[in-house]
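Colleague: everything below, folded, please.
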Amino acid sequence: MNRLKKAVATATAVAAAALIPLTAAPASATTGPATHLGMTWSVVSYGPDGTVQVGGPGGSPSNAYNGDTAPSVSLPVLCLNVDGSPAPSGISLGFYNGWAQGTVALSQPVKGSRLNSRAAADSVCQAGFGAGWREAEFHDGHYGTDLSQTGGWTFWAYGNIPNNTRFWTAINDQPANPWN
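Modeller: Sure thing, here's the model as predicted:
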């Protein structure tokens, strides 16, 4: 079964994941609901071999510095399973369009207020898709020799993400997450 079919089958099998409560967050995490705007991304384009480019390119309502979507909004979480997959030929990689070395999928929609820590966001992905899955992050795209450099703004991965859908995406160096 190719990667895309496997990701779709996994996503279909866990369609009820939205009904699964989040696992308990670590004691160091925020205990109340998240109250900050969160950064969201969408599909940028589709590529060869079942790949998708996701991101917050210029002109979209994505805000990587302060967040762009209220925590009262319900959106899917962009989930990523990094498995070391090599980039297929036909994708030009660089700082603004790296390779995430795996597969992306969307969780069932959750209110941003439920994402009160990175661990809480990751647990949405793990509840929906299993061990090894986590919320995708702004800097997950790799490029350069041996994919040793990381960039930002968009990245490529295997996956079947519907067009015209916004989704929660993390960023590790700016206050643009619901938990900030």
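Colleague: residues touching the residue lying closest to residue 39 once chain neighbours are set aside, list them.
Modeller: Leaving aside its sequence neighbours, residue 39 sits nearest to residue 176 (C-beta to C-beta, 6 or more residues apart in numbering; 4.2 Å). Placement of C-beta: from N, CA and C, glycine included. Taking C-beta atoms under 8 Å, 6 or more residues apart in numbering, we find residue 176 in contact with 37-39, 63-68.
Colleague: what is the nearest of those residues to residue 150?
Modeller: residue 64 (14.3 Å; C-beta to C-beta).
Colleague: distance of the closest one relative to residue 105?
Modeller: 22 Å (C-beta to C-beta, to the nearest Å).
Colleague: counting by contacts, list what the top strand by length along the chain packs against.
Modeller: For the chain, the strand with the greatest residue count under DSSP state E is strand 98-106. In terms of contacts (3 or more C-beta pairs under 8 Å, 6 or more residues apart in numbering; DSSP states H and E), strand 98-106 is packed against helix 3-13, strand 78-82, strand 142-143, strand 154-158.
Colleague: show me what the shortest one packs onto, helices and strands only.
Modeller: Think strand 142-143. Strand 142-143 packs on strand 98-106, strand 149-150, going by 3+ C-beta pairs under 8 Å, 6+ apart.
Colleague: likewise the second one?
Modeller: With contacts taken as 3+ C-beta pairs under 8 Å, 6+ apart, strand 78-82 sits against strand 98-106, helix 118-129, strand 133-135.
Colleague: where does the protein dip in pLDDT?
Modeller: Along the chain, the parts satisfying pLDDT under 70 run over 1-30, 57-60.
Colleague: ok, now with 90
Modeller: Residues of the chain meeting the criterion pLDDT under 90: 1-32, 56-61, 90, 145-146, 148, 164.
Colleague: how about the contacts made by residue 37?
Modeller: Here residue 37 is in contact with 63, 66-71, 176, 178 (C-beta under 8 Å, 6+ apart).
Colleague: if you could redo that for residue 74, that was the one I meant.
Modeller: 109-112.
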